[in-house]
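> below are the sequence and a predicted model; questions follow.
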Amino acid sequence: MRYSVRYMREDDIPQVTEIDREAFPSQWPYPAYAYKRELNNKLASYIVAVEDGATWGNGQGNHNGSILQPLFRLFRQPRPPAEIEAPLQCIAGFAGVWRMLDEAHLTTIAVRGSRRRRGIGELLLVTVIDMAIQGGASVVTLEVRVSNQLAQTLYRKYGFKDAGIRKGYYSEDGEDALIMTTEVLTSEAYQSLFRPLKEQHARHMAEQESAAPVATAAT
């Protein structure tokens, strides 16, 4: 299966809220109206990873946003007209990022349970970092549960370092959050880390796509 990344649209919100509830069952669910509000926030950008060719639900929805290859800016692009009705794409994961002064802050990242272990979370993270670089951000920052070692391993792979603790950050259970940040994104040290990882992941996704069984028509 091939995955592409584009900006989130309003008709993606039902799937995004579903993934959000599944990925963060202990947290207060982010309501659909809040995602709709975020799409109109000039300081926020939300992206989705979609399965190329896969459809979802009743097959109705606007299908106009262009696939971002590459993603050029952290700031949002003009929204395309919502005129053409086409099948909804299957959303495999999503991420949100805020521009805060000279930093890009990763607010959320999640992958559908049935699509995990396919490199989609890493694809979204690479895209966020690319967006931050192209948008002129100095660093990328985030908070992650201190118990979420799996996520921390991925972040550390991409050069995130521990920057502090937010005590009792997660209100539903009082767990602390680990603050993590990259080095300066345009520094030679960070680019020498990021570029090979990005290329390696692209090769991995391409190999995964070529190894996937080809669907055949029923007879």
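Thanks, I have it. Keep in mind the model is a prediction, meaning the values are calculated, not measured.
> point out where this structure drops to low pLDDT.
53-87, 212-219 (pLDDT under 70).
> so which residues of it form strands?
Counting by DSSP state E, the chain has these strands, from start to end: 3-7, 44-56, 88-100, 103-111, 139-145, 161-170, 175-181.
> list the contacts of the fourth one.
With contact meaning Cβ atoms under 8 Å, 6 or more residues apart in numbering, strand 103-111 is reached by 19-20, 22-24, 30, 44, 49, 74, 92-99, 120-121, 124-125, 128, 131-132, 135, 137-142, 181. Any C-beta I mention is one placed from the backbone N, CA and C, and that applies to glycine too.
> okay, now the sheet partners of it, with direction.
For strand 103-111, the paired strands and their directions (DSSP bridges) are strand 88-100 (antiparallel), strand 139-145 (parallel).
> how big is the angle separating it from strand 175-181?
120 degrees (axes from the mean of the first three to the mean of the last three Cα atoms, to 10 degrees).
> in strand 103-111, which residues are buried?
By neighbour count on 16 or more other Cβ atoms under 10 Å, the buried set for strand 103-111 is 103-111.
> for those residues, which two are the farthest from each other?
103 and 111 (24.0 Å; Cβ to Cβ).
> do you know how far residue 208 is from residue 110?
Distance check for residue 208 against residue 110: by Cβ to Cβ, to the nearest Å, it reads 20 Å.
> please apply the same query to residue 138.
Going from residue 138 to residue 110 by Cβ to Cβ gives 26 Å.
> ok, and the closest non-adjacent residue to residue 205?
Spatial nearest neighbour of residue 205, chain neighbours left out: residue 119 (5.6 Å); criterion: Cβ to Cβ, 6 or more residues apart in numbering.
> the one you found against residue 204, yeah?
Yes: with contact defined as Cβ atoms under 8 Å, residue 119 counts as touching residue 204 (5.9 Å).
> quick one: which of the two has more around it?
For the pair residue 119 and residue 204, the greater number of neighbours falls to residue 119 (18 against 14), based on other Cβ atoms under 10 Å.
> what sits against residue 191?
residue 185.
> at 7 Å what do you get?
With contact set as Cβ atoms under 7 Å, 6 or more residues apart in numbering, residue 191 has no partners.
> most centrally placed residue in this structure?
Nearest to the geometric centre of the chain sits residue 95, at 2.8 Å (Cα atoms, centre = their mean).
> beta-bridge partners for residue 89, please?
Taking DSSP bridges as the rule, residue 89 bridges to residue 55.
> equivalent analysis for residue 6, please.
With DSSP bridges as the rule, residue 6 is bridged to residue 48.
> gap between residue 35 and residue 46?
Relative to residue 46, and taking Cβ to Cβ, residue 35 is found at 7 Å.
> in this structure, where's the longest helix?
helix 188-211 (DSSP state H).
> out of the strands of the chain, flag the one nearest residue 15.
Per Cβ to Cβ, nearest to residue 15 of those: strand 88-100, 4.1 Å.
> what angle do the closest one and strand 3-7 make?
50 degrees.
> name the residues of strand 88-100 that come out as buried.
88-99.
> now these as a markdown table including distance to residue 12?
Below are the buried residues of strand 88-100 laid out as a markdown table (distance: Cβ to Cβ, whole Å):
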| residue | distance to residue 12 |
| --- | --- |
| 88 | 8 |
| 89 | 8 |
| 90 | 10 |
| 91 | 6 |
| 92 | 11 |
| 93 | 11 |
| 94 | 8 |
| 95 | 12 |
| 96 | 12 |
| 97 | 16 |
| 98 | 18 |
| 99 | 21 |
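> all set now, cheers.
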